[in-house]
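> what's the 3D shape of this:
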Amino acid sequence: VGQQSTAADNAALLPDASGSLVVANYILYDVNGFFLRNNAGAGILGLNYGAIASCYPLNGGGGVSGDCDGYPSNVVRYDSPTFSGFSFSASWGEDDIWAVSGRYAGEFNGVKLALATAYNENTDETLGVGGPRPRGFKGSAWQIGGYVQHVPTGLFGYAAYAQEYNRSSIVDPAVAAAVRNAFNNKPEGETYYFKGGIRQKWSPFGHTVLYGEYGNDDDKFTAQAFQAGVTSSELKRYGIGIVQEIDAAAMSVWLAYRHYEPEVTALGVDQQAQDFDLVKFGALISF
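Predicted coordinates:
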């Protein structure tokens, strides 16, 4: 009981047991705050990358991409025991947000398998990363993720998918017509993400992980962007990276590269967004 992750928070991400979860997943906090630029060098309608990798239930949760309940909330949550690899969770709180999720993890003949799925719904008119919502707001989302690894060779694959649902019916005449239209009629977006690679212990320090990734967000722009004239968007990204685990220090270090390709149509015009390249280096110590 209290402020915590809901049953759907990070649900589709957590099956990833490759050791590259932190550095490579479909959440875009590494580029969230950068503004989109067009070929003339100007910002596009004041939009940043988070504005086209959002989630309708969070009303502008920039960069969360497919993690559509990805913020701590005041909820009551129950997590079941694990039965033959299966478990489930449920949460409810605020006024109102609720979520359910299910998970499975197991290993058969040297093949490791993990799956998770979750559904969340939000009708809270005051709880929103992008500010309060009008009366009649209702957003929901579904996500699923899976991981498979051949343990002897270390070859692995991970995939995730998320779909948001716009179920608002805002009729309050005190709300401006443009705002009502933005919340009621924004297109529903979807996210899909793939990652594959190898995890092997080639050095005495610990496992080394090599991976490649691809992700795509279709129409995951905010209601505020829709109100500003955005009618469609797509954000592709490609990446490669290496993670080195250091077992003696419970530590991982990584070097990663990502290439982003944004496309935005606003006011009936392709905004000619520039691509973006990102190189990042980091480390994590677990304690």
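
> Tell me the spacing between the residue nearest to L235 when sequence neighbours are not counted and A51.
Spatial nearest neighbour of L235, chain neighbours left out: D217 (4.3 Å); criterion: CB to CB, 6 or more residues apart in numbering. Backbone N, C-alpha and C define where each C-beta goes, glycine included. Distance, D217 to A51, using CB to CB, to the nearest Å: 11 Å.

> quick one, helices of the stretch 51-200 of the chain?
Here the stretch 51-200 of the chain has its helices, by DSSP state H, counting those that start in this stretch, at 177-185.

> Show me where it has its strands.
For the stretch 51-200 of the chain, the strands defined by DSSP state E, counting those that start in this stretch occupy 73-79, 86-93, 97-108, 111-122, 139-150, 155-166, 190-203.

> Pull the residues that contact the fourth one.
With contact meaning CB atoms under 8 Å, 6 or more residues apart in numbering, strand 111-122 is reached by 6-8, 11-12, 14-17, 57-58, 68-69, 96-107, 137-151.

> and it, average pLDDT?
Averaged across strand 111-122, the pLDDT comes to 97.

> now swap in the third one and tell me
Averaged across strand 97-108, the pLDDT comes to 97.

> tell me which residues of that strand are tucked away?
By neighbour count on 16 or more other CB atoms under 10 Å, the buried set for strand 97-108 is 97-105.

> who does it pair up with?
strand 86-93 (antiparallel), strand 111-122 (antiparallel) (DSSP bridges).

> Over to the shortest one?
Paired with strand 73-79 in the same sheet, following DSSP bridges, are strand 2-4 (antiparallel), strand 86-93 (antiparallel).

> Which residues outside the helix or strand harbouring L45 are in contact with it?
Using DSSP states H and E, L45 falls within strand 43-48. Here strand 43-48 makes contact (CB under 8 Å, 6+ apart) with 32-38, 62, 221, 225, 228-230, 264, 266, 271, 273.

> switch the cut-off to 7 Å
Contact with strand 43-48 is made by 32-38, 62, 225, 228-230, 264, 266, 271, 273, as judged by CB atoms under 7 Å, 6 or more residues apart in numbering.

> for the protein, which spans come out with low pLDDT?
Residue ranges of the chain with pLDDT under 70: 127-132.

> Would you format the buried residues of strand 97-108 as CSV with distance to F287 included?
Converted to CSV, the buried residues of strand 97-108 look like this (distance: CB to CB, whole Å):
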residue, distance to F287
I97, 32
W98, 34
A99, 29
V100, 32
S101, 27
G102, 30
R103, 25
Y104, 29
A105, 24
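
> G196 contacts G157, correct?
Yes - in this structure, G196 is within contact of G157 by CB atoms under 7 Å, at 4.6 Å.

> which of the contacts of strand 111-122 count as buried?
Neighbour-count burial (16+ other CB under 10 Å) applied to those gives 6-8, 11-12, 14-17, 57-58, 68-69, 97-105, 137-149.

> what's the closest non-adjacent residue to L21?
Once flanking residues are discounted, L21 sits nearest to L13: 6.5 Å by CB to CB, 6+ apart.

> and the one you found, how far is that from E190?
16 Å.

> One more: L113?
Going from L113 to E190 by CB to CB gives 24 Å.

> right, so the strands paired with strand 97-108: which one is the most enclosed?
Comparing those by mean neighbour count (mean count of other CB atoms under 10 Å), strand 111-122 comes out on top with a mean of 21.

> and the angle for it with strand 155-166?
10 degrees (axes from the mean of the first three to the mean of the last three CA atoms, to 10 degrees).

> pull the CA atoms of strand 111-122 into PDB?
C-alpha atoms of strand 111-122 as PDB (Å, rounded to 0.1, in the frame of the first residue of the first chain):
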ATOM      1  CA  VAL A 111      16.500 -22.900 -23.300                       C
ATOM      2  CA  LYS A 112      15.500 -20.000 -21.000                       C
ATOM      3  CA  LEU A 113      12.100 -18.500 -21.600                       C
ATOM      4  CA  ALA A 114      10.300 -15.500 -20.000                       C
ATOM      5  CA  LEU A 115       7.000 -13.900 -20.900                       C
ATOM      6  CA  ALA A 116       4.900 -11.000 -19.400                       C
ATOM      7  CA  THR A 117       1.800  -9.100 -20.400                       C
ATOM      8  CA  ALA A 118      -0.200  -6.300 -18.700                       C
ATOM      9  CA  TYR A 119      -3.200  -4.100 -19.200                       C
ATOM     10  CA  ASN A 120      -3.800  -0.800 -17.500                       C
ATOM     11  CA  GLU A 121      -6.600   1.800 -17.500                       C
ATOM     12  CA  ASN A 122      -6.600   5.400 -16.300                       C
END
